[in-house]
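*Asks:* Take this sequence and fold it.
(chains A, B, C and D)
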There are 2 protein chains.
Amino acid sequence: MNEKIATIEDVAHHAGVSIATVSRALHKPNVVSETTREKVQTAIAATGYTANVMARNLRLNRSGMILLLVPDIGNPFFSAILSGIEKGASQAGYNVLIGDTQNDPDREATYAAYLRSNQADAMILLNGRLPAPLANAPANATPPVVIACERIPGCALPTVIIDNDEASFIATRHLSDLGHTRIAHVSGPSDNILTTDRVAGYLRALKTAGIQHDPALIYRGDFSIDSGIAAGRALLADPKTRPTAVFCASDGMAIGVIVAAKEYGLRIPQDLSVVGFDDIPHAAAYDPPITTVRQPRRRLGEQAITLLLERLGAKPPFEKNDKGPVIVPTELIVRQSSGPCPKA
Amino acid sequence: MNEKIATIEDVAHHAGVSIATVSRALHKPNVVSETTREKVQTAIAATGYTANVMARNLRLNRSGMILLLVPDIGNPFFSAILSGIEKGASQAGYNVLIGDTQNDPDREATYAAYLRSNQADAMILLNGRLPAPLANAPANATPPVVIACERIPGCALPTVIIDNDEASFIATRHLSDLGHTRIAHVSGPSDNILTTDRVAGYLRALKTAGIQHDPALIYRGDFSIDSGIAAGRALLADPKTRPTAVFCASDGMAIGVIVAAKEYGLRIPQDLSVVGFDDIPHAAAYDPPITTVRQPRRRLGEQAITLLLERLGAKPPFEKNDKGPVIVPTELIVRQSSGPCPKA
DNA sequence: ATTCAAAATGAAAACGTTTACACAAGGCAA
DNA sequence: TTGCCTTGTGTAAACGTTTTCATTTTGAAT
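*Replies:* Purely as a prediction, here's the structure:
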């Protein structure tokens, strides 16, 4: 019962063979004879040997790690995406290392350096920004990187996204179809590509419906409940200019708007229709249950890891998809927070 | 512009020194002369050298990884804990590798083997169960493992938890103080130590208040919204036996109970008081805002990583705590989902 | 028996570091 | 001058694997 951890040499010694044979017995069983294979197996059992992964990785010049860059791991929105990625990666024998960048470019750069220093074999970006070291990389050899969630304009790397413009269009059209003409939009931070796309879809739907766009009806939030409350208070304060419907770029903000609406004594959806985005679990259990755009988050993660594994030459665990940016479909889930426009 | 990644040897060559000197210039700057140090620095800049972390780790026999075992990474409850751990770990130069066990003992064992195979230096358990390889470990040398969230009875490893019994006691007492005598409890899965502790606190509070315990008023859920809805339907169906207050072991279940209560036309809190557990962000924005026990989740993560870094001999980034299981304080947040017992 | 291909094995190099040890140069006291 | 400590540097071993290449063993065909 020696405390020292057994190495391949201990196994070799114990089995009376060379370390090369032990290694082969493990990784190329067909090339080693039946009898020695058994000897090695018993020796492994006897010594309690576990391969030192670091030594192997050094030799093979790989790390078995996939680095996942997330702006904020504390944000539950990413949980399901994460889960999908982790599932696929672990099936392919990879581990997922999560890098919480906190939207700090320095931290992004630090993590991106993991690729160079062999700490990670590949990377998935959930943060919608190309880390500096990558942006400067030579164009001839594309790094093993996949972008998910937010497309990066002008970046040729494999990408998996939802069609934010279209999803936003459909959600807004749902409201105009209900007869609403004063439809507000609570968007995300202005430097966010999601915001741009969703605002575009919103405006397109207004135009299609022949509704004149009122710039005062767009409020910039940050996806949080609190910013939704602020948006609601701002948009609903004046009964004269008050919209009859609000389309929010996140469910959290939709909840916030409803909280604010109740402060003003407005009933949902009789006095005000509210539509969210994401379909987080709480959207269905809210009072009233929230009409929202469902984002297939786990699916998004699965597609991202699939793209990456393809790129790495491993066999992807999920169904493959065509070339070009992969677009996972969204779905408008109509619940009780949206209804016909009240008579004036 | 050679595509090959620069090694320490390239740097040494470029600077006209030995690789040993380069290594020393990086890690023991005071032992190398000013002039060579500069030569090395320029050589590093010229070659774009980044140390191969795997080679270093092999040599140093460490991995720089802290393995975090989570039952389900898709569950947002863990997000904030995660965030606290990640912050502390990265400050101490460690990376956090998240292992999603999906409550599968096999996966737990697989991940626990990372410790042996040098893929991880230490481990934090969020899943309330000791992986098999650890349970069989020799008692003399305790592995670098910290347990968080759920205590493991009879396990001497460093642990950081909340006082579930006491928190539950206080929440229940809050209801009895409001005059309620028929107080139901929606608990978690029965094999969960959290459940045991919270039920105990609930019963203790009833006893203290001189309330006769009715076993029919305990419902087993699984912390999810859906199980809360089921609990609410079961407990509230019969107006004759209906409780006037429900204490739930999670906010999700509290929301579920409220959803069910509204189905029966019950007003919260006039007809029914509901108290939750965790204080997730949505609890405050629900209608009505939910009275709940706040779990300092980020704090919990911080304490866990602190304990672990202490164990590893690194200097902990957060304030140290005394010996014994660390107990992070909870707080009863009284909002509008709980009120006086209605007159009969 | 002899020969030869096939099969199985071992010796040793390589992966890129860190560090113990040896050594050279320089300064200072005798 | 000699000796000796100090300071800086280089040489080479070590970390635990995988894999190339050479060598041995096997077994069948002559």
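*Asks:* what about the closest residue to DNA strand D within the stretch 151-300 of chain A, distance to DNA strand C?
*Replies:* Nearest residue of the stretch 151-300 of chain A to DNA strand D, counting by C-beta to the nearest atom of the strand: residue A:158, 27.2 Å away. Every C-beta, even on glycine, is put in place using the N, C-alpha and C of the backbone. Distance check for residue A:158 against DNA strand C: by C-beta to the nearest atom of the strand, to the nearest Å, it reads 27 Å.
*Asks:* same question, residue A:14
*Replies:* Applying C-beta to the nearest atom of the strand to residue A:14 and DNA strand C gives a distance of 12 Å.
*Asks:* Enumerate every residue touching the nearest residue to that residue once chain neighbours are set aside.
*Replies:* With sequence-adjacent residues excluded and distances taken as C-beta to C-beta, 6 or more residues apart in numbering or on different chains, residue A:14 is closest to residue A:43, at 4.0 Å. Shown in contact with residue A:43 (C-beta atoms under 8 Å, 6 or more residues apart in numbering or on different chains): A:11-12, A:14-15, A:22, A:49.
*Asks:* any idea which element residue A:43 lies in?
*Replies:* Taking DSSP states H and E as the definition, residue A:43 sits inside helix A:34-47.
*Asks:* for the helix or strand hosting residue A:171, packing partners?
*Replies:* In this assignment (DSSP H and E), residue A:171 forms part of helix A:164-177. Applying 3 or more C-beta pairs under 8 Å, 6 or more residues apart in numbering or on different chains; DSSP states H and E, we find helix A:164-177 packed against strand A:183-187, helix A:193-208, strand A:245-248, strand A:273-278, strand A:291-294, strand A:331-333.
*Asks:* closest one to residue A:173 among those?
*Replies:* helix A:193-208 (4.7 Å; C-beta to C-beta).
*Asks:* and chain A, which residues reach DNA strand C?
*Replies:* Residues of chain A lying close to DNA strand C (C-beta under 7 Å from any atom of the strand) are A:16-21, A:24, A:31-33, A:35-36, A:55, A:58-59, A:61.
*Asks:* I'd like the distance from the helix holding residue A:43 to the chain centre, please.
*Replies:* 44 Å (C-alpha atoms, centre = their mean, to the nearest Å).
*Asks:* Show me what counts as buried in it.
*Replies:* Judged by neighbour count (16 or more other C-beta atoms under 10 Å in any protein chain shown), helix A:34-47 contains these buried residues: A:36-37, A:39-40, A:43-44, A:47.
*Asks:* same deal with stretch A:224-238?
*Replies:* Quick answer for stretch A:224-238 (16+ other C-beta under 10 Å): A:224-233, A:235-236.
*Asks:* Where helices are concerned, which of those count?
*Replies:* A:225-233, A:235-236 (DSSP state H).
*Asks:* Any regions of the stretch 101-250 of chain A where pLDDT drops low?
*Replies:* Low-confidence segments of the stretch 101-250 of chain A, defined by pLDDT under 70: A:136-141.
*Asks:* can you map out the strands along the stretch 1-150 of chain A?
*Replies:* A:65-70, A:95-100, A:122-125, A:145-148 (DSSP state E, counting those that start in this stretch).
*Asks:* What parts of chain A come near DNA strand D?
*Replies:* Near DNA strand D, when you scan chain A using C-beta under 7 Å from any atom of the strand, you find A:5, A:7-9, A:19-20, A:23-24, A:26-27, A:49-52, A:55-56, A:58-60.
*Asks:* Apply 10 Å and report the result again.
*Replies:* A:4-12, A:18-28, A:31, A:33, A:49-61 (C-beta under 10 Å from any atom of the strand).
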